[in-house]
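1. Sequence unavailable; structure follows:
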């Protein structure tokens, strides 16, 4: 194989999971994280879907995550008049390890970093990457403090603004996906925990897409997606909860649902961001450098799959490195398995955000893994090289 030492740039969800995966596959790994501690996006929350939870289970990391947040086992959908359109189980609700899970992003980051540390993986904080120098015998990362690190493979798991991606494809920049996304929490929303237990409610409003879930402690987690021009970085940086609430509530009042009352009851944390995506076809690798997770294939949040796709990446890359005969074959095999699936997610999620239909896929069925094939790819004991 010729891979002994791996550098992971970025210690967030994708980076910590990748480090655990390649360590489990038998490789030496060190993580370099620009942030001085484990905190990242402390206010935002996310949902891990069943496929993401399955990937965590293959890394023996389920317990670290199920200790956080709360499970979601069903979903219901309303229109703007309050009429229920659908209700159904959510994902693999029958299996406690695979149930959808709603949790704060910062908590998940911290938990995965702590779990990596318990496994003896070194995470060097405050290490901000400046450049990457790749050669036939290795790859060297140069950091802002003047330090360097050399390895056989460098993995960029450094998110949407990836410095590693710039070294591979400088022209590949995130693009706006058509919606502003709001997130908030409140303990005084007009919904009750027993009624909403383990359920996410989606509202297809006339001016917004809204969703909420209530924790067992009675805290309502909610989001809203609004089609509009992107907000400037300055507006996002200086906006207040009052600003975002005053902007959002009138849009929600166009409908007769609980959404406006939930937002009005939010007097604390209320955040906004622009939905962005990485264009499909963006190069993922150059020589001994590879990007994964949001650095490679960030999608708008409409499908709620960003973190789960990153966790899939971690397992499938580690297995490819473990099972392929050499590094180049491993990275090519990984990309062949992952690109159709994640780029389909970018397309579907972006089309939802932009309000346009997704055309039927023209790709052969085998090119985009279905759930059965995905389960085989993720299964840790299965050889991913010979099985494909």
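-> That came through fine. If you're wondering where the values come from, they're calculated on a predicted model, not measured in any experiment. Residues are numbered from 1 along each chain as shown.
2. Report the central residue of the protein.
-> residue 307 (2.1 Å; CA atoms, centre = their mean).
3. what about the helix or strand hosting that residue, distance to the chain center?
-> For residue 307, the element it lies in under DSSP states H and E is helix 306-323. Centroid displacement of helix 306-323 relative to its chain, using CA atoms, centre = their mean, to the nearest Å, is 13 Å.
4. and the next helix-or-strand element following that helix, average pLDDT?
-> Sequence-wise, the next helix or strand downstream of helix 306-323 (DSSP H and E) is helix 327-354. Helix 327-354 carries an average pLDDT of 96.
5. Okay, now stretch 295-312: how far is its last residue from its first?
-> Using CA to CA, to the nearest Å, the end-to-end distance of stretch 295-312 comes to 14 Å.
6. remind me which residues of the stretch 51-200 of the chain are low pLDDT?
-> 192-195 (pLDDT under 70).
7. Helices along that one, start to end?
-> Taking DSSP state H, counting those that start in this stretch as the criterion, the stretch 51-200 of the chain contains helices spanning 62-66, 105-118, 163-168, 193-196.
8. Return the most buried member of those.
-> helix 163-168 (a mean of 22; mean count of other CB atoms under 10 Å). Using the backbone N, CA and C atoms, a C-beta is placed for each residue, glycine as well.
9. quick one: contacts of it?
-> 9-10, 129-132, 154, 156, 158, 172, 282-286, 289, 291, 295-296 (CB atoms under 8 Å, 6 or more residues apart in numbering).
10. could you redo the last one with a cut-off of 10 Å?
-> 7, 9-10, 34, 128-134, 141, 154-159, 162, 172-174, 278, 282-287, 289-292, 294-296 (CB atoms under 10 Å, 6 or more residues apart in numbering).
11. ok, of the residues you listed, which come out buried?
-> 7, 9-10, 34, 129, 132, 134, 141, 154-159, 162, 172, 174, 278, 282, 284-285, 287, 289-292, 294-296 (16 or more other CB atoms under 10 Å).
12. The longest strand seen in the chain pairs with which strands, parallel or anti?
-> Longest among the strand segments of the chain by residue count, using DSSP state E, is strand 175-186. Sheet pairing of strand 175-186 (DSSP bridges) gives strand 220-227 (antiparallel), strand 270-277 (antiparallel).
13. Just want the angle from it to helix 105-118.
-> Relative orientation of strand 175-186 and helix 105-118, computed by axes from the mean of the first three to the mean of the last three CA atoms, to 10 degrees: 90 degrees.
14. okay, the angle between strand 175-186 and helix 327-354?
-> 70 degrees.
15. Check which residues of strand 175-186 are buried.
-> 176-186.
16. if we take the residues you listed, which one ends up nearest to residue 371?
-> The closest of those to residue 371 turns out to be residue 177 (CB to CB; 25.2 Å).
17. give the contact list for the closest one.
-> With CB under 10 Å, 6+ apart, residue 177 has these contacts: 225, 230, 274-277, 298-302, 346, 349-354.
18. List only buried entries from these.
-> 225, 230, 274-277, 298-302, 346, 349-353.
19. okay, now residue 273: neighbour count?
-> Look at residue 273: counted by other CB atoms under 10 Å, it has 16 neighbours.
20. my guess is it meets residue 298, correct?
-> No - in this structure, residue 273 is not within contact of residue 298 by CB atoms under 10 Å, at 11.9 Å.
21. got TSV for the strands paired with strand 175-186, with mean pLDDT too?
-> As requested, those are arranged in TSV below (pLDDT from 0 to 100):
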stretch	mean pLDDT
strand 220-227	96
strand 270-277	95
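22. May I see the ones you listed organised as JSON lines, with distance to residue 320 added?
-> What follows is those, written out as JSON lines (distance: least, CB to CB, whole Å):
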{"stretch": "strand 220-227", "distance to residue 320": "34"}
{"stretch": "strand 270-277", "distance to residue 320": "25"}
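23. For residue 22, find the nearest of these.
-> strand 270-277 (26.6 Å).
24. Between helix 306-323 and that closest one, find me the angle.
-> Going by the same axes, to 10 degrees, strand 270-277 makes 50 degrees with helix 306-323.
25. ok, and what's touching the helix or strand that strand 270-277 is followed by?
-> Following strand 270-277 in sequence order, the next helix or strand is strand 285-286 (DSSP H and E). With contacts defined as CB under 10 Å, 6+ apart, strand 285-286 is touched by 132, 134, 139, 153, 155-156, 164, 167-169, 291-292, 296, 328, 331-332, 334-335.
26. Mind listing the strands the next helix or strand after strand 285-286 pairs with, and their directions?
-> Of the helices and strands lying after strand 285-286 in sequence (DSSP H and E), the nearest is strand 289-291. Partners of strand 289-291 in the sheet, by DSSP bridges, are strand 153-156 (parallel), strand 285-286 (antiparallel).
27. Same list (those strands) but as JSON lines, adding distance to residue 145.
-> Below are these laid out as JSON lines (distance: least, CB to CB, whole Å):
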{"stretch": "strand 153-156", "distance to residue 145": "18"}
{"stretch": "strand 285-286", "distance to residue 145": "25"}
